[in-house]
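[1] next come a sequence and a model predicted from it.
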Amino acid sequence: MQSQALTPLDVSKAEAMDMLRSLKGHKLLAGHRGAKSVALDALANAIARLLELAADQRERIAEIDVNPIVARADCVVAVDALVAIR
């Protein structure tokens, strides 16, 4: 399912949660049709913290690619990440 949300670097946890709610697949994340909801609070926190790192280190970091992020009811895990340094 193709869905994305673009944002500036400084995003609060609340703003990250709003971004997640704006995605086409939000119902799947929120526990659609009896499935468990993923840890949305933890996922929003991970997004906000990653963007905080990118903002704090913007002079040193050229790009960050995190793919995939696995979100379950009990945890959120970045399985693989690549950080390109300037």
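    Cool, the structure landed. Numbers count the residues shown, from 1 in each chain.

[2] neighbours of the closest residue to Ile69 other than its chain neighbours, just the number please.
    Leaving aside its sequence neighbours, Ile69 sits nearest to Ala78 (CB to CB, 6 or more residues apart in numbering; 5.3 Å). Where C-beta positions appear, they are placed from N, C-alpha and C, glycine not excepted. Here the number of neighbours of Ala78 (other CB atoms under 10 Å) works out to 12.

[3] where do the helices sit along the protein?
    Assigned by DSSP state H, the chain shows helices spanning 13-22, 26-29, 40-56.

[4] quick one: residues in contact with the longest one.
    For helix 40-56, the surrounding residues in contact (CB atoms under 8 Å, 6 or more residues apart in numbering) are 7, 9-17, 19-20, 29-30, 61, 64, 66, 69, 71, 75-76, 78.

[5] from Val79, how far off is Ala71?
    Counting by CB to CB, to the nearest Å, the gap from Ala71 to Val79 is 11 Å.

[6] which among the contacts of helix 40-56 end up buried?
    Val11, Lys13, Glu15, Ala16, Met17, Met19, Leu20, Leu29, Ala71, Val76 (16 or more other CB atoms under 10 Å).
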